[in-house]
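*Asks:* Task: produce atomic coordinates for the following.
(one chain, ligands or ions: 1)
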Amino acid sequence: MRLILLGPPGAGKGTQAVRLVNHFGIPQISTGDILRKAVKDGTELGTLAKGYMDRGELVPDEVVVGIIRERIAEPDCERGYILDGFPRTIAQAEALDEMLKKLKGGIDHVVNIAVGDEEIIKRLTGRRTCSSCGAGYHILFDPPKKEGVCDKCGGKLIQRDDDQEETIRARLRVYRQQTEPLIAYYKRKGLLRTIPGVGNMEEIFEAILKAVEEPDKADK
Ligand code: AP5
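*Replies:* Model (predicted):
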């Protein structure tokens, strides 16, 4: 199964991707995670990406398209993958279409997780991530057992640099201008399944499964 998770920053793409990975046994490909790792490791890619990410802007299309081209050609992607945070512009979606034509395997579903702006601000200002294993938490909605400590590995929980309110609002503006047009793009292709992204995380996961298993009944 080749799946795209679409939605504004903080919609729950990463949260749901973890559940989908466990369920389908296919990898999650998060361009955000790949870029953050490059920044942490101080690579050339990381140096290039950091300024854009800190300002809440998108990294240039050719850079992320190159990352995806290499990643989906790896052997663990043969049975499918979950794209989280890619594509984010029409140019990226068109580049992906071209790549997949050559690989002879198109996208099966685009799951659009819909969440309003004020909920997003609450989610992202309260998000914490394990600096060691990358597990995600929320100080109110999904807190760790011990404040500041990862339940899974005991690592230190940190706040992402781009989760300050001003940067979140910039990311939301970028989402509306550059990424939201993908909803119409994938609707035209008959691939869009829209899920309300507010409420219990497990119920949202069940709704995603239902939408991909019974796409004819899903909201388009
Ligand atoms: P990226 O890392 O992709 O960030 P994003 O799209 O802004 O998405 P987030 O990771 O912030 O949110 P999410 O939807 O995964 O939500 P999560 O599950 O964590 O990108 C970062 C930057 O990298 C970009 O700004 C850009 O610069 C660059 N970049 C990346 N991809 C790019 C591309 N393709 N092109 C160009 N540039 C690119 O949930 C958020 C919080 O809410 C968590 O705390 C979670 O616990 C909580 N939560 C989740 N679900 C619920 C729920 N149902 N109820 C209550 N709380 C919930």
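*Asks:* Residue 19 reaches residue 206, doesn't it?
*Replies:* No. Using C-beta atoms under 8 Å, residue 19 is not in contact with residue 206, being 9.7 Å away. Quick note: C-beta positions are derived from backbone N, CA and C, even for glycine.
*Asks:* Pick out whichever of those two has more residues nearby.
*Replies:* Using other C-beta atoms under 10 Å as the criterion, residue 19 and residue 206 rank with residue 19 on top: 16 against 12.
*Asks:* Just the element for the more buried one, please.
*Replies:* helix 13-24 (DSSP states H and E).
*Asks:* Please name the nearest non-neighbouring residue to the residue positioned nearest the centre of the chain.
*Replies:* Nearest to the geometric centre of the chain sits residue 84, at 3.0 Å (C-alpha atoms, centre = their mean). Nearest residue to residue 84, sequence neighbours excluded (C-beta to C-beta, 6 or more residues apart in numbering): residue 30, at 4.2 Å.
*Asks:* Quick check on that neighbour: phi, psi?
*Replies:* Taking degrees, to the nearest 10, you get phi -110, psi 110 for the backbone angles of residue 30.
*Asks:* which non-adjacent residue is nearest the residue of the chain found nearest the ligand?
*Replies:* The chain approaches the ligand most closely through residue 32 (1.9 Å), counting by C-beta to the nearest ligand atom. Leaving aside its chain neighbours, residue 32 sits nearest to residue 85 (4.6 Å; criterion: C-beta to C-beta, 6+ apart).
*Asks:* any idea how far the one you found is from residue 59?
*Replies:* The gap separating residue 85 from residue 59 is 11 Å, by C-beta to C-beta, to the nearest Å.
*Asks:* likewise residue 4?
*Replies:* Following C-beta to C-beta, the distance that separates residue 4 from residue 59 is 18 Å.
*Asks:* neighbour-wise, which of those two wins?
*Replies:* Using other C-beta under 10 Å as the criterion, residue 4 and residue 59 rank with residue 4 on top: 24 against 20.
*Asks:* Say whether the ligand is contacted by the helix or strand hosting that one.
*Replies:* Secondary structure from DSSP H and E places residue 4 in strand 2-6. No. Counting by C-beta under 6 Å from any ligand atom, the ligand has no neighbours in strand 2-6; the shortest distance is 7.6 Å.
*Asks:* Can you give the distance from that strand to the centre of its chain?
*Replies:* Once both centres are worked out by C-alpha atoms, centre = their mean, to the nearest Å, strand 2-6 turns out to sit 9 Å from its chain's centre.
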